[in-house]
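>>> From the sequence below, what's the structure:
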Amino acid sequence: MSTLLNKPVRTFIVYASIVLLASVPVYFFTVDHIWLSELDENNEIIAERAIYQLERTDYRIHNPDSLFSFWNIIQPNARLERLDNGMAMPNDKTYTEYQDHVNPDYKWTKDRFRVLERAFFFNGEPYLLVVESNVEETYETVAIIGFITGGFFIILSAGFIVLSRRMSNRIWLPFRETLEKLRSFRVDESQRVVFPKTTILEFNELNDTLDKLIARNIGVFRMQKEFTENASHELQTPLAIIQSKLGLLIQSDSVSKAQYRLVEEADRALARAVRINRNLLLMAKVENNQFTSKETVKLAVEINEVIDLLGDEFKRRSITLHLAIDEQPVLFANQFLVTTVIQNMVTNALRYCTTGGEVSIVVEKNLFVIANSGTRPLNRDKLFQRFAVLDDNNPNTGIGLALAHGICKQNGWDVSYGFEKQTHRFTVVFA
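Residues are numbered from 1 along each chain as shown. Purely as a prediction, here's the structure:
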């Protein structure tokens, strides 16, 4: 994952590379055009001087044929040719020509020449002056320019990266300080965060916005915490009183059988209401991250305690328990939350296990698997939702699985469900 600063730097380098590659043909054609123009001008000067010197030569002293032969020997790049008297004088011609290399060892290469042809009269006879100039230096010039440009591009890119990193350490320092303060912030501690003042407008606006957001979150957290505490105190007391009064009523001798059944049903409903109220309050505390204390928890010990607590239920429904603990995993978490997860998982297995069936618990390193026999899979879409009906044959609703899932999510544990060979299987992987 790249940092924010590296993205524009990388884009700049890619863009500069594209521009550099695109500039190569521009360099070539521009230099080639300039070079050819200079050679054409040079050929014009050579031709004018040569014709001027020939016109001043006394042909009565020098034999023209011998003179031109000697000229072609000492001036290979400006040769003279005799034209037919009957043909019309041609106009000046400038063109590029490729010739074989003079060195026989380089027969496979061609030399490029810029040629000027100019006709003139000497001693009343038409002659043609051909001036040739080698233009191979164009490629060398472009290569040198490209090499120098590439070197400067590398220097520029390296300097830009170094400067951007140094500037980043200074410019982004307030942002990193803000980020560090946010990482250490805990809403349950209700402490305001003091962000550093900077000379950068955007960072100041960010800090002001974060300060207002944190203040609102602290206020909401306090309200939720107060509501949880008040609900825990205000609801549990009357529910306990009602449950106690129903217990006394059941034990009364004046209660008829019909009244006894009604009171017993009311007591069961009240017990379920007490359990739901306790779980809702517990879930609210979990979601508000109020269980901050952590300690070393031996998973096997907690499992054995939960099994001892629910042992009568196993016997009542004739359910066989298979327990396999290969290792002794140790967790660093809140002990109460770990116990809650295990208890809810075991209770769920008992609830959806067929009478006379089997429940197996497997404990390995950082792994807790609980399976129970069943007839049909649970509703996966509503598996971890509150008060969801997971099985039409078992209309019982609750928040046991939702609470276990919330605790696992808060601690970074992964919980999954599967159904295969008439067996429900829940797996919790402890990070």
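
>>> where exactly do the helices run in this protein?
With DSSP state H applied, the chain shows helices at 6-55, 64-74, 137-171, 173-184, 201-250, 257-287, 299-309, 311-316, 335-351, 400-411, listed in chain order.

>>> Quick one: list the elements packing against the fourth one.
By that I understand helix 173-184. Helices and strands in packing contact with helix 173-184 are listed as helix 201-250; criterion 3 or more Cβ pairs under 8 Å, 6 or more residues apart in numbering; DSSP states H and E. All C-beta atoms are positioned from the backbone trio N, CA, C, and that covers glycine.

>>> By mean pLDDT, flag the weakest helix or strand of the protein.
Using mean pLDDT, DSSP states H and E, the weakest-scoring helix or strand in the chain turns out to be helix 64-74, at a mean of 63.

>>> hmm, back to that, any idea which of the helices of the chain gets closest to residue 425?
Checking the helices of the chain against residue 425 by Cβ to Cβ gives helix 335-351 as the closest, at 9.7 Å.

>>> Surely residue 431 and residue 410 touch.
No: taking contacts as Cβ atoms under 8 Å, residue 431 lies outside contact range of residue 410: 11.5 Å.

>>> neighbour count winner among the two?
A direct count of neighbours by other Cβ atoms under 10 Å for residue 431 and residue 410 places residue 410 higher, at 15 against 10.

>>> Ramachandran coordinates for residue 366?
Backbone torsions of residue 366, given as degrees, to the nearest 10, read phi 60, psi 30.

>>> ok, now how distant is the residue lying closest to it once chain neighbours are set aside from residue 409?
The spatial neighbour of residue 366 that comes closest, neighbours along the chain excluded (Cβ to Cβ, 6 or more residues apart in numbering), is residue 430 at 4.5 Å. In this structure, residue 430 lies at 13 Å from residue 409, with Cβ to Cβ, to the nearest Å as the measure.

>>> So the two - more neighbours on which side?
Neighbour totals were compared for residue 430 and residue 409, and residue 430 leads with 20 against 14 (other Cβ under 10 Å).

>>> okay but the more buried one is in contact with residue 363, surely?
No: between residue 430 and residue 363 there is no contact under Cβ under 8 Å: 10.5 Å.

>>> which residues do these two both contact?
299, 329 (Cβ atoms under 8 Å, 6 or more residues apart in numbering).

>>> partners of the longest strand along the chain, with directions?
Looking across the chain with DSSP state E, the single longest strand is strand 110-122. Strand 110-122 has these partner strands in its sheet, going by DSSP bridges: strand 93-100 (antiparallel), strand 125-134 (antiparallel).

>>> wait, which of those is closest to residue 247?
Comparing the strands paired with strand 110-122 by their distance to residue 247 (Cβ to Cβ), the top pick is strand 93-100, with 114.3 Å.

>>> any residues touching the closest one, and which ones?
Defining contact as Cβ under 8 Å, 6+ apart, one finds that strand 93-100 is touched by 36, 40, 43, 107, 110-117, 132, 135.

>>> What average pLDDT does that strand get?
This predicted structure assigns strand 93-100 an average pLDDT of 83.

>>> Also stretch 332-343?
Model confidence over stretch 332-343, given as mean pLDDT, is 86.

>>> Can you give the distance of it from its chain's centre?
Taking Cα atoms, centre = their mean, to the nearest Å, one finds the center of stretch 332-343 at 35 Å from the center of the full chain.

>>> Name the residues of it that are buried.
Neighbour-count burial for stretch 332-343 flags 333, 334, 335, 337, 338, 339, 340, 341, 342, 343 (criterion: 16 or more other Cβ atoms under 10 Å).
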